[in-house]
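**Q** Next input, structure requested:
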Amino acid sequence: MSTKTFFSNRIYKHTLSTAFVDATCDALDRFNRAKQFVFDKLVKENRSGQRRREKSLHLIVKEKFQLDDYYANSAVQAANAQVKGLGELKKLYTENKKEQIRSIKKKLKNDRSRLTTLKKIKASFIKDQPTFPKRTKEQQYGNYFVVPYKEKTDIYYHAYQFEHTYLDPAIQQLKTRIGFLTSKLNKKQAELEQLKTCIPSAVFGTKKLFKSQNTQESFINNHTEWLNKWHQSRYNKMTLSGRKDAANGNFVFTYDTDNQTLHFKTPSGLPICIENLSFPYGQEKITVAVQTQLSCKNKKQHGKPIAWSIEDHGTYYIVKCMVDVAANAQTNYSKSDGVIGVDCNADHFAVANVNGKGQLLASHTVPFGTQGKNSGQISKIIEAEAIGIVDLAVKANKPITLEKLDTTTSKVSHSYGNKKANQKMSMFAYRKMITAITSRAEKMGVAILEVNPAYTSQIGKMKYMKPFGISIHEAASYVIARRAMGFKEKLPPILRALLPEKMIGAHEWVQWRYVSKHLKGIHTDKVKLHSVGGLSSPTEC
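**A** Okay, the predicted model is just below:
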């Protein structure tokens, strides 16, 4: 059972009476002012630690804004939900800030170590006895001093040229970078301390729009235009929660499924009727939910609430209906025929079709271009490719397996890494990919299984990529599929020989971590394993 939100068709204002538009505008205004009032009270109470009121917020809102119980209760609930959401957002920001601090500290440590090495080299030149540590890229070959780079090699013909043309600028550059990094670290640590102690608040209507009254030329010259937009942004929607003991699942809204007519009463007492209100993507489910609630005899135990929302989009209204939808009874969870493994990447899906014995039947890559696209375009592109993956699972009669990833902190943890890799990571819309596949799979009755992502790429690279002649991402999708089926991935004999004696009986993931760490520098085209070590059973490989 999950809650789904369905959007109605557009209700244009010019097709409605003036009384209807005015009453709806008044309802939106009262509801949002009540919600903002409650939110402000809650934030002030949290910051002061004192409750400076004798009555409940529900009663205060009823009296102050002339609302009935249902409107007042929904306004209080909406404010409480926003306060709770800000608390969760604060936790997320705190974790991101800690990850950024760890990244800066790591970079500082590397730069300070590098600076110490260069200073030692400089000291040896001062003594007229040039010496170079073994692991530095700077080396002396005969009378020449060589500094190799990725695409070129610099050669210095005598010590004076190397010392003053290369060494001194490099030391000064490192000192400057360390200074900037130290300043940045202090700033991030101060921000973290502020996050830990602050009580978050919010600007209804967005900070960006509020600041634009003094920064955008059109609003500076015409403040009335800004006021209209500000009001539209702050008072444009309201959501009234449902009640399971109500005849229609809601005491304010009543939906006639036969005539597709929505009735509700505004706070001013004016009854509203919206005719020809249909839901293009969910009409059947809403009809079932409303009729089931109407026919339910014991609503206090078995009733289901139905929430409604109205949004003002300037020239038209959109109505949303939120109902509890039962899971698809025909969803296929069986893994007896195998599964479809999917490895999500920044610019493609890697798909592996695995049979019931854990053997690879086929694999392929589904590329998609997101470079230069906005958020909406990326969503549509990903959704289109997700349809193909789910259709493959339907045709094969198999569930889909995905990695259970959280890319929130990883996007800020490599700020000093490879620029192209950082750009790809920032464009990695993993949540959109999962949502697109999951939504389509739910409609088609395909189960979604999630597995731990630990070492899937390393296992695929070392164990399956070369023997099967597939890409590293396709190999990772194969590992994901096998893990969902309960197969273990033990090291092949050729890699097991690299383990120290104390790790022979350790968990296979511990062994893979050790091997991956020591073979990290080996490029994928250099990996040549002559066997895959056999296929595993659910308990042995």
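**Q** In this structure, spot the helix with the most residues.
**A** helix 69-126 (DSSP state H).
**Q** how distant is that helix from the center of its chain?
**A** Chain-centre distance of helix 69-126: 17 Å, with C-alpha atoms, centre = their mean, to the nearest Å.
**Q** what does stretch 331-343 give?
**A** On C-alpha atoms, centre = their mean, the centre of stretch 331-343 falls 24 Å from the chain's centre.
**Q** And it, end to end?
**A** Counting by C-alpha to C-alpha, to the nearest Å, you get 22 Å between the two ends of stretch 331-343.
**Q** list the buried ones in that stretch?
**A** Across stretch 331-343, burial judged by 16 or more other C-beta atoms under 10 Å covers 332, 335, 338, 339, 340, 341, 342, 343. For every residue, glycine as well, the C-beta is placed using N, CA and C.
**Q** so where's the protein shaky on pLDDT?
**A** Filtered on pLDDT under 70, the chain yields the residue ranges 1, 407-428, 521-541.
**Q** Most distant residue from the centre of it?
**A** residue 128 (56.9 Å; C-alpha atoms, centre = their mean).
**Q** before we move on, the earlier item: which secondary structure elements does the helix or strand just after the longest helix of the chain sit against?
**A** Reading on from helix 69-126 to the C-terminus, the next helix or strand found by DSSP states H and E is strand 139-141. Taking 3 or more C-beta pairs under 8 Å, 6 or more residues apart in numbering; DSSP states H and E as contact, the helices and strands that strand 139-141 lies on are strand 144-148.
**Q** Sheet-wise, list the partners of the strand it packs on with their directions.
**A** Its sheet considered, strand 144-148 pairs with strand 139-141 (antiparallel), strand 153-156 (antiparallel) by DSSP bridges.
**Q** Pick the most buried one from those.
**A** Ranked by mean neighbour count, the strands paired with strand 144-148 are led by strand 153-156 with a mean of 14 (mean count of other C-beta atoms under 10 Å).
**Q** Relative to the whole chain's centre, how far out is the helix or strand that comes right after that one?
**A** Sequence order places helix 159-161 as the next helix or strand after strand 153-156, per DSSP H and E. Distance of helix 159-161 from the chain centroid (C-alpha atoms, centre = their mean) equals 53 Å.
**Q** Helix 159-161: what's the following helix or strand?
**A** helix 168-197.
**Q** Where does residue 305 sit, in terms of helix or strand?
**A** Judged by DSSP H and E, residue 305 forms part of no helix or strand.
**Q** what sits against the residue lying closest to it once chain neighbours are set aside?
**A** Distance criterion C-beta to C-beta, 6 or more residues apart in numbering; nearest residue to residue 305, sequence neighbours excluded, is residue 242 at 3.0 Å. Each residue near residue 242 by C-beta atoms under 8 Å, 6 or more residues apart in numbering is listed here: 249, 250, 304, 305, 306, 307, 308, 322.
**Q** phi, psi of the closest residue to the third one other than its chain neighbours?
**A** Of all residues not flanking residue 304 in the chain, residue 324 sits nearest, at 5.1 Å (C-beta to C-beta, 6+ apart). Torsion angles at residue 324 (phi, psi; degrees, to the nearest 10) stand at phi -80, psi 120.
**Q** Contacts only, for residue 324.
**A** Contacts of residue 324 (C-beta under 8 Å, 6+ apart): 1, 2, 3, 4, 289, 304, 305.
**Q** Just grab the bridge partners of it for me.
**A** With DSSP bridges applied, residue 324 shows beta-bridge pairing to residue 3.
**Q** how near is it to residue 239?
**A** As for residue 324, its distance to residue 239 is 16 Å (criterion: C-beta to C-beta, to the nearest Å).
**Q** Also residue 118?
**A** 61 Å.
**Q** cool, and residue 154?
**A** 65 Å.
**Q** now swap in residue 131 and tell me
**A** Applying C-beta to C-beta to residue 131 and residue 239 gives a distance of 72 Å.
**Q** Who has more neighbours out of the two?
**A** residue 239 (19 against 11; other C-beta atoms under 10 Å).
**Q** For the more buried one, pull up the helix or strand it's in.
**A** Using DSSP H and E, residue 239 falls in strand 237-240.
**Q** Kindly export that strand (C-alpha atoms) in PDB.
**A** Presented in PDB, the C-alpha positions along strand 237-240 are these (Å, rounded to 0.1, in the frame of the first residue of the first chain):
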ATOM      1  CA  LYS A 237      -2.000  26.200  -3.200                       C
ATOM      2  CA  MET A 238      -3.600  24.400  -0.300                       C
ATOM      3  CA  THR A 239      -3.900  20.700   0.700                       C
ATOM      4  CA  LEU A 240      -6.700  19.400   2.900                       C
END
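**Q** That one pairs with which strands, parallel or anti?
**A** strand 307-312 (antiparallel).
**Q** Name the residues that touch the partner strand?
**A** With C-beta under 8 Å, 6+ apart as the criterion, strand 307-312 contacts 24-25, 27-28, 232, 235-242, 250, 252-253, 262, 264, 317-323.
**Q** just the buried members of these?
**A** 24, 27-28, 235-242, 250, 252-253, 262, 264, 317, 319-323.
**Q** on that earlier part again, determine the three-state secondary structure at the residue nearest to residue 305.
**A** Classification of residue 242 using DSSP: H, G, I helix; E, B strand; the rest coil returns coil.
**Q** where's the residue sitting nearest the centre point of the chain, which helix or strand?
**A** Ranked by distance to the mean C-alpha position of the chain (C-alpha atoms, centre = their mean), the top residue is residue 431 at 4.5 Å. Using DSSP H and E, residue 431 maps to helix 430-444.
**Q** Most neighbours among the contacts of residue 242, which one is it?
**A** residue 249 (29 neighbours).
**Q** Enumerate every residue touching it.
**A** So residue 249 contacts 242, 243, 289, 290, 293, 303, 304, 305, 306, 323 (C-beta under 8 Å, 6+ apart).
**Q** and if we set it to 7 Å?
**A** With contact set as C-beta atoms under 7 Å, 6 or more residues apart in numbering, residue 249 has these partners: 242, 290, 293, 304, 305, 306.
**Q** how about the residues you listed in TSV, adding distance to residue 222?
**A** Listed next are the contacts of residue 249 as TSV, based on distance: C-beta to C-beta, whole Å:
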residue	distance to residue 222
242	42
290	46
293	49
304	48
305	44
306	42
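**Q** Just give me the closest of those residues to residue 467.
**A** residue 304 (53.2 Å; C-beta to C-beta).
**Q** Let me see the contact set for that closest one.
**A** Neighbouring residues of residue 304 by C-beta under 7 Å, 6+ apart: 244, 249, 289, 293, 324.
**Q** Can you tell me the number of residues neighbouring the first one?
**A** Around residue 244 there are 17 other residues, counting by other C-beta under 10 Å.
**Q** How many neighbouring residues does the residue lying closest to it once chain neighbours are set aside have?
**A** Spatially, and ignoring its direct neighbours in sequence, residue 244 is nearest to residue 303 (3.5 Å; C-beta to C-beta, 6+ apart). A total of 19 residues lie near residue 303 under the criterion other C-beta under 10 Å.
**Q** Residue 132 now?
**A** Residues lying near residue 132 (other C-beta under 10 Å) number 16.
**Q** All further residue positions should be reported with the first residue as 57.
**A** Understood, numbering begins at 57; the last thing we discussed is residue 188.
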